[in-house]
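Engineer: Sequence plus the predicted model coming up.
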Amino acid sequence: MSVTNPAWMRGVNAPNPGPMTLQGTNTWILGIDGLVVVDPGPLDESHLLDVAMHGAIDHILLTHGHGDHSDGAQRLHELTGAPVSAWDERHVSHGEKLTDAMTLRLAGLDIEILHAPGHTMDSVCFIVSSGSESVVLTGDTILGEGSTVIAHPEGRVDDYLRTLEKLAQLDALVVLPGHGPVTGSASQRAKQYLDHRHARIAQVRDALAHWA
């Protein structure tokens, strides 16, 4: 498996920087024969036109339904005719509902769906491969920097820990995050996140024991 960024991937940063979005949402454009867009980002016309200008888009995929990742999907569909597929049927438009472990063959790439609840119940990661080169697109499950928000009622820490355990098994796959720079492999980043979460859980338990 390659630990460098493949030539068939490129990123476009959406103009929505902020405390929760870091430098902005990463829109990923992948493909060898045609293009797949992952997370079109916010409903920003200039950003979506920029994405559409990269070439013929065959399909649009969503890592989850938060607006900073999904609000531009319908407009990009209107601009390109590309169907939108997602875990949550409410975000599907002329595409299909994604299910765990299904594999799509799009734009000359194999794309495996990994259900990744924790940040949200509809979160998925995409393991994208061509020959010996593989990457994993993690949405908000693993970020390029900082930690992921797990907020009730959409987020669950127990689900998130199980998701991180799965991602920790992906070895040297390059992580293409939903926000922030490309840094580290899936196994490295997932283990860092697991250590961070377990440390925080221990702090909470200590605090509760102190006040018991």
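Structural biologist: Received it, and whenever you're ready, just let me know what you need.
Engineer: Now do the helices in the protein.
Structural biologist: In the chain, the helices defined using DSSP state H lie at 45-52, 67-70, 73-80, 157-167, 186-211.
Engineer: What are the buried residues along the second one?
Structural biologist: Of the residues in helix 67-70, those buried under the neighbour-count criterion (16 or more other CB atoms under 10 Å) are D68, H69, S70. Where you see a C-beta, it was placed from the backbone N, CA and C, and this is true even at glycine.
Engineer: where in the chain is pLDDT low?
Structural biologist: Under the criterion pLDDT under 70, the flagged ranges of the chain are 1-4.
Engineer: Of all residues in it, which one is nearest the centre?
Structural biologist: For the chain, G139 is the residue whose C-alpha lies nearest the centre (CA atoms, centre = their mean; 2.0 Å).
Engineer: Could you check how far that one is from E78?
Structural biologist: Per CB to CB, to the nearest Å, G139 is found 23 Å from E78.
Engineer: likewise V128?
Structural biologist: Distance from V128 to E78, by CB to CB: 25 Å.
Engineer: same deal with D206?
Structural biologist: Counting by CB to CB, the separation of D206 from E78 is 53 Å.
Engineer: Looking at the two, which one has more neighbours?
Structural biologist: Each of D206 and E78 has its neighbours counted (other CB atoms under 10 Å); E78 has more, 12 against 9.
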